[in-house]
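S.K.: One predicted model, sequence on top.
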Amino acid sequence: LAYVEWFTPFANGSEPNHGLYKVSQAFWEDDKQASIVPMHNIQCSIHLMPQFGAVAPWEWTISNV
């Protein structure tokens with residue numbers, strides 16, 4: 001079994017700064033949507049990146065983020 005947090009579908013177009021698509025956490029009546037699902041129902045995993053604006057802070061490095 002796996003714990004899965006749900007997100008909104010992709011927006012119509014990608015973000016101009018980085019070409020990635022924006023999603024948000026899915027909520028229902030102010031509750032975050034999540035499920036416990038069998039592993040055989042998972043087709044692939046994904047990585048989500050935070051929205052930090054047009055430029056990431058310069059002080060961020062591979063060592064401190």
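M.R.: All right, it came through fine.
S.K.: I'd say residue 39 and residue 2 touch.
M.R.: Yes - between residue 39 and residue 2 there is a contact at 5.6 Å, judged by Cβ atoms under 8 Å. For the C-beta atoms, the positions are set from N, CA and C on the backbone; glycine is no exception.
S.K.: Looking at the two, which has the bigger crowd around it?
M.R.: residue 2 (11 against 7; other Cβ atoms under 10 Å).
S.K.: where does this structure dip in pLDDT?
M.R.: 51-52 (pLDDT under 70).
S.K.: which residue of it sits farthest from its center?
M.R.: residue 59 (23.3 Å; Cα atoms, centre = their mean).
S.K.: tell me the SS of it?
M.R.: Following DSSP: H, G, I helix; E, B strand; the rest coil, the label given to residue 59 is coil.
S.K.: Next: residue 36.
M.R.: strand.
S.K.: Run a quick neighbour tally on the nearest residue to it once chain neighbours are set aside.
M.R.: Spatial nearest neighbour of residue 36, excluding adjacent residues (Cβ to Cβ, 6 or more residues apart in numbering): residue 1 at 5.3 Å. Residues lying near residue 1 (other Cβ under 10 Å) number 9.
S.K.: Isn't residue 1 up against residue 35?
M.R.: No - Residue 1 is beyond contact range of residue 35, at 9.9 Å (criterion: Cβ under 8 Å).
S.K.: contacting residues around the residue nearest the centre of the chain?
M.R.: Centroid-nearest residue in the chain, with Cα atoms, centre = their mean: residue 48, separated by 3.5 Å. The neighbours of residue 48, taking Cβ atoms under 8 Å, 6 or more residues apart in numbering as the test, are 7, 23.
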